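K.L.:
This is a predicted model, with the sequence first.
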Amino acid sequence: MKKFALYFVLALVLVMALPATAQDDVEMVYEDVDPTGATVQFWHQHSGEREEALMEIVNEFNETNEWGITVEASNQGGYGDIFQKMNLGLVEGGESLPQLVVAYQNQAATYQLVDGLVDMRPLVDSPTWGLSEEDKADFFPGFYNADVFPTFGNQRLGLAPNRSMEVMYYNSSWLAELSESGAISFEGAPETPEQFREAACAAVENPYSGATGDVSTSVGYQLSFDASRLASWTFAFGGDVFDYDAGVYTYDSEAAVEAVTFLQGLFADGCATDIAESYGDQTNFGQGVTLFTVGSTSGLPFYGSAVDEGAGHEWSVAPLPHTTEEPVMNLYGASVSIPRSTPEQELAAWLFVKYYTDTEAQATWATASNYFPVRASVAEGLADYFEANPTYETAFGLLQYSKTEPPVPGYDFVRDEAESTLAAIVADPSMDVAANLGELTELSNEILADQ
Amino acid sequence: MANPMTITPNKDTTIATIRKFPVGDVVTLIFAGVLVLALLAATGQGQFSTDSQDIFAPIVAVATVFFGFLAAYSLGTSTDATGNLGRAFITVIALWAGFISHNLGDSGGNLFMVVVCGGLAAYLLYSAYRDQGRGTVSTPMFGPMNLLVLAVLIVAVAGVFISETAFGLENLWLLTLVVGLGIIILTLVALVRPDRARSYSIISLGLGAMAFIYVANKIIVICDVEEPQLDRMVALAGAGAFGLLIQAVIPRVAPSKVEVPIGSDATRSFDPARAISDWFRSITLGKIILYALLTFAAFISLVPFLWMISSSLMTLGEILNRAVIPSDPVNGLCNYVEAWNEANFSRYFMNSVIITGLTIGGLLITSILSAYAFAKIEFIGRGLIFSLILITLMIPESVTMIPNFLIITGNVPVIPSGAEEGFGIVFDSNWLDTLTALTLPFMANAFSIFLLRQFFATIPDELWEACRIDGGGHLRFLIQIVLPIARPAIMTVTLLSFIAGWNAFLWPLIVTRTETWRPLMVGLYNFTTEAGTQLHLLMAGSFIVILPILLLYFATQKAFTEGIATSGLKG
């Protein structure tokens, strides 16, 4: 609540300082700029092995780039902390801001309310400094277009260096037992919501034989109350939480109501529970007492540790059960954006981004970070990694079905509301799903209008 | 130390000395025993090499023990025990500085050794000269003891120049071993002479700290390899040394003298058999229930702490699977090394010490002066200003975040600019990423002023009047009379502000841009990612972070409790 209050104050201040400077035309303004000797501060959230891998890429760039550009990368806390620091910096006038920053799309949109970021089109499309058509085609389309903002005249406010995806983690050993015993009518991972419900409910009555946890707590699915989960299930039911043509939230769409009603039913029948402790679903999945969880692919190593030292069962990932013909995967991840500074520094920051998203650096980054690379050509260099990490390869194969959550300002606040609404609905089977999602939609659109 | 309180018995009474069971000394003995036995066992398993040609380690080892005993002995013979104790003790520290200098490496470390030893030797001489002048020391300035101390210092310094590596790391286990033995003997002496137990516990603290530094160093070296296989005995020695460190700061209960009727049981000599039978007779059902409940409550309150320690010795998989006991706690110790390295604790720890130290210093100055003014000086608007200060307690941090940030970035013109830099405090228009931004905003605090003002107000005005009669002013009254009386309250403010400064997270994260001045709490954040938390490293890091707070609390426990009880804050 304190956090929300702070964000609200920050957003209010930003809105009050809003200048009307959106621009639609793209002028090649960097052609004659010389980035030689420029220094770029890069704020990111990576720590541990990821930070080490990033520093390797940064050091390599610093040593090899022909302009003598120096990138100084530094961890500035989590996404929320960086968002807060950026907002404070923008309020203060921008002098304390970096030249390159990690930002989710909705955060970038918030910064751009005060014209805080560079429109990267003159950089990406520059004949001198930009990407070739071949390079652009090499990016996964969903990744490449994720940072183009229709709400800001199609400005490009970032470029993705990596992505993660929401997938369903499942205990394949347990599913096989359920199938062999006739408790479920299918084999392998469930592909439809009906199959998912069948397996989830069967799991409660038929605990996994190799479970190391308390089998009396066996459950089919554990749901964390998160806006991304809500979006993922809505996507899987063929809908979306935002109408990009009308520019409004659609949490009350038919697909969203169906998805949440489905989840509410799972809870009401005792086939699903919420997660009592942070990342408790990883623990229970590892102990063989939770059949399904839904989470980010960046959690693969954590699930691996939990299973290896838990029940040691077979497990994998699959798309969320869907009513659509093809799966629809919720793809997310922060991009890198360029805050306004001098033309030389802006260009220097871009040149690093270009290097960072190049095939070679992407291969290094993907294997070290467990994120997905943004270029298709990187897959060729990941053969060994795929062999060592089959679940990663499975998830990689789902990238083609990806879709993203709304890149609009204020989504951080909407997420909080969506999480509360989802928790309230599944906790009370008698609650009217459509009415509550309608209220959420109304509130979300009010927040959007306030931005 | 002698009991300062003097009791004069009348014809029907006599003076009895009441002694408490020396739990602290017994526990110290256990830890020291573990340390010594584990080191001997580890040596037997070839964990420590004795092949080194470096002869300085045995010299230092012998010197450490010698001066340890010298310190103890001096307590019994000198008329100024503290002087002799300090003299011997700082000499041991000087020698250990050589060991630390070895780990710092290169000639810079050796220079450090020379500076430390030289400085301490100078202090030693000054100390001896001062005591000589007072006539309170039985030994002359250039007596055998001082000359011996100086000789060892000279040998140590010469050793630095000759060997270029200070003291060999591989055979310094000898030093730790004799330190452990020294502690055992000192503690036994303390049991025989409990009136000096506090002094011996101070010596044990120093020696325990040295043992801990050494064994921890050994563990770090082993854990740094790709797949560490930490020896059980080395780990046990580490645990023993750590236990000594903790145990030594717990205040000992000195024996108290009380006036009792002649013939009272208290005057009889101590009879263990009778004490035990008395104890059994005193047990009642009510006591059993009470103690069971209290033990249960104590255990419950300790569970989070025990869970943290246990988790810090596990693998990530074990924690995720809710294990209670680590399967391999020995190699789990390497989590501490990994956490220390991964979160850059070397830098952050020092930063936290500097930030907290400066903040507390500044806070005490502003709080003591203003609290005194509010408590003892009549001036127009005193109540109003005090109320206004108290109102600031009601303003949440999130509301003041943006204005504070604008102030420290120079957007609100209240910051002096154009002055020169000095002692790391930058007087410029923008304080981002400086020590100033991390310390100055917290050098005044309404709660501290309130707490101290409440305490100062209880000091009788008659003392002020007496001071005035003697020609003293407010400053003299404050420094010479109020502050000594208010020691518990000041210790409370110190501890509370230490905890606040040490635990600060959000503000340091916001106002720092690089690692230069980031504190420990920001380092802890490194273990949290969007996919999950490396809980085993986070718990190890958390334990490292809270350790100074624990030590400070143990050391100031009594004063802290008194401060809370006497400043009107108890519930």
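P.N.:
Everything's here; your move. Residues are numbered from 1 along each chain as shown, chains lettered A, B, ... in the order given.
K.L.:
name the helices or strands packed onto the host helix or strand of B:Lys558?
P.N.:
B:Lys558 belongs to helix B:535-566 when assigned by DSSP states H and E. Packed against helix B:535-566, as judged by 3 or more CB pairs under 8 Å, 6 or more residues apart in numbering or on different chains; DSSP states H and E, are the following elements: helix B:232-249, helix B:285-312, helix B:316-320, helix B:334-342, helix B:345-376, helix B:446-457, helix B:487-503, helix B:520-524. C-beta coordinates here come from the backbone N, C-alpha and C atoms, glycine included.
K.L.:
and the residue of chain B nearest chain A?
P.N.:
B:Gly317 (2.7 Å; CB to the nearest CB).
K.L.:
tell me the contacts of that residue?
P.N.:
For B:Gly317, the contact set (CB atoms under 8 Å, 6 or more residues apart in numbering or on different chains) comprises A:Gly286, A:Ser305, A:Ala306, A:Asp308, A:Glu309, A:Gly310.
K.L.:
what do you get for A:Phe83?
P.N.:
By CB under 8 Å, 6+ apart, the residues touching A:Phe83 are A:Tyr7, A:Ala103, A:Gln107, A:Thr110, A:Asp412.
K.L.:
State whether it is indeed within a helix.
P.N.:
Yes. According to DSSP: H, G, I helix; E, B strand; the rest coil, A:Phe83 belongs to a helix.
K.L.:
Could I get the pLDDT score of it?
P.N.:
Residue-level confidence at A:Phe83 comes out at 91, pLDDT.
K.L.:
what's the answer for B:Val137, then?
P.N.:
On the pLDDT scale, B:Val137 gets 46.
K.L.:
quick revisit: can you tell me which of the contacts of A:Phe83 is nearest chain B?
P.N.:
The nearest member of the contacts of A:Phe83 to chain B, counting by CB to the nearest CB, is A:Tyr7 at 9.5 Å.
K.L.:
ok, back up a step: now the residue of chain B closest to chain A: how far from B:Ala323?
P.N.:
Here the distance between B:Gly317 and B:Ala323 works out to 9 Å (CB to CB, to the nearest Å).
K.L.:
cool, A:Ala227 as well?
P.N.:
32 Å.
K.L.:
give me phi/psi at A:Val102?
P.N.:
Backbone geometry at A:Val102, expressed as degrees, to the nearest 10, gives phi -80, psi 130.
K.L.:
just the helices in the stretch 51-200 of chain A please.
P.N.:
Under the criterion DSSP state H, counting those that start in this stretch, helices of the stretch 51-200 of chain A are mapped to A:79-92, A:105-112, A:121-124, A:133-138, A:141-145, A:172-180, A:193-205.
K.L.:
So which residues make contact with stretch B:341-360?
P.N.:
Contacts of stretch B:341-360 (CB under 8 Å, 6+ apart): A:47-48, B:339-340, B:424, B:435, B:438-439, B:442-443, B:494, B:497-498, B:501-502, B:504, B:508, B:515-524, B:526-527, B:537, B:541, B:544, B:548.
K.L.:
Adding mean pLDDT, write the helices and strands packed on helix B:535-566 out as TSV.
P.N.:
Output for the helices and strands packed on helix B:535-566, formatted as TSV (pLDDT from 0 to 100):
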stretch	mean pLDDT
helix B:232-249	79
helix B:285-312	92
helix B:316-320	87
helix B:334-342	88
helix B:345-376	93
helix B:446-457	93
helix B:487-503	90
helix B:520-524	89
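K.L.:
among the ones you listed, which is nearest A:Cys201?
P.N.:
For the helices and strands packed on helix B:535-566, proximity to A:Cys201 was assessed by CB to CB; helix B:316-320 is nearest, at 25.8 Å.
K.L.:
Tell me the buried residues in the closest one?
P.N.:
For helix B:316-320, the neighbour count (16 or more other CB atoms under 10 Å in any protein chain shown) marks B:Leu316, B:Gly317, B:Glu318, B:Ile319, B:Leu320 as buried.
K.L.:
Same check on stretch B:328-346?
P.N.:
B:329-340, B:342-345.
K.L.:
How about stretch B:394-404?
P.N.:
Those would be B:Ser398, B:Met401, B:Ile402, B:Asn404, for stretch B:394-404 by 16+ other CB under 10 Å.
K.L.:
How far off centre is stretch A:118-125?
P.N.:
Relative to its chain's centre, stretch A:118-125 lies at 23 Å (CA atoms, centre = their mean, to the nearest Å).
K.L.:
Quick one: residues in contact with it.
P.N.:
By CB under 8 Å, 6+ apart, stretch A:118-125 touches A:23, A:26-30, A:129-131, A:136, A:147, A:152, A:155-159, A:337-340, A:346-347, A:350.
K.L.:
follow-up on the earlier one: looking at the helices and strands packed on helix B:535-566, which is closest to A:Ser278?
P.N.:
helix B:316-320 (11.3 Å).
K.L.:
Convert the C-alpha atoms of that closest one to PDB, please.
P.N.:
Written as PDB, here are the backbone C-alpha positions of helix B:316-320 (Å, rounded to 0.1, in the frame of the first residue of the first chain):
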ATOM      1  CA  LEU B 316      18.600 -24.200  -2.600                       C
ATOM      2  CA  GLY B 317      16.900 -27.500  -3.400                       C
ATOM      3  CA  GLU B 318      16.700 -28.400   0.300                       C
ATOM      4  CA  ILE B 319      15.100 -25.100   1.200                       C
ATOM      5  CA  LEU B 320      12.700 -25.300  -1.600                       C
END
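K.L.:
That helix: what's the following helix or strand?
P.N.:
In N-to-C order, the element after helix B:316-320 by DSSP H and E is helix B:329-332.
K.L.:
Show me what that following helix is packed against.
P.N.:
helix B:232-249.
K.L.:
Would you map out the domains in chain A?
P.N.:
A:2-17+A:34-163+A:333-397, A:168-331+A:410-450 (automatic domain parsing).
K.L.:
Could you list the residues of chain B in contact with chain A?
P.N.:
Counting by CB under 8 Å from any CB of the partner chain, the residues of chain B close to chain A are B:315-318, B:320-322, B:342, B:396-399, B:401-402, B:405-406, B:409, B:411, B:430, B:432, B:509-510, B:513-515, B:522, B:525-534.
K.L.:
Tell me the residue of chain A that sits nearest chain B?
P.N.:
Counting by CB to the nearest CB, chain A gets nearest chain B through A:Glu309, at 2.7 Å.
K.L.:
From A:Ala306, how far off is the spatially closest residue to that residue that is not a sequence neighbour?
P.N.:
Excluding its sequence neighbours, the residue lying closest to A:Glu309 (CB to CB, 6 or more residues apart in numbering or on different chains) is B:Gly317, at 2.7 Å. For B:Gly317, the distance to A:Ala306 (CB to CB) stands at 6 Å.
K.L.:
before we move on, what about A:Tyr144?
P.N.:
34 Å.
K.L.:
Who has more neighbours out of those two?
P.N.:
A:Ala306 (27 against 21; other CB atoms under 10 Å in any protein chain shown).
K.L.:
I'd assumed the more buried one was in a helix, is it?
P.N.:
Yes. A:Ala306: assigned to a helix according to three-state DSSP.
K.L.:
Surely it and B:Arg322 touch.
P.N.:
No. Between A:Ala306 and B:Arg322 there is no contact under CB atoms under 8 Å: 10.2 Å.
K.L.:
How many neighbouring residues does the closest residue in space to B:Ala489 that isn't next to it in sequence have?
P.N.:
Nearest residue to B:Ala489, sequence neighbours excluded (CB to CB, 6+ apart): B:Phe455, at 3.8 Å. Neighbourhood size, B:Phe455 [other CB under 10 Å]: 25.
K.L.:
Let me know the distance separating B:Phe455 from A:Phe292.
P.N.:
60 Å.
K.L.:
Any chance you could list what contacts stretch B:231-247?
P.N.:
By CB under 8 Å, 6+ apart, the surrounding residues in contact with stretch B:231-247 are B:24, B:27-28, B:30-36, B:38-39, B:41-42, B:45, B:47, B:176, B:180, B:183, B:204-205, B:207-209, B:211-212, B:214-216, B:218-219, B:222, B:329-330, B:333, B:550-551, B:554.
K.L.:
filter those to the buried ones?
P.N.:
Using 16+ other CB under 10 Å as the burial test, the contacts of stretch B:231-247 include B:24, B:27-28, B:30-36, B:38-39, B:41-42, B:47, B:176, B:180, B:183, B:204-205, B:207-209, B:211-212, B:214-216, B:218-219, B:222, B:329-330, B:333, B:551 as buried.
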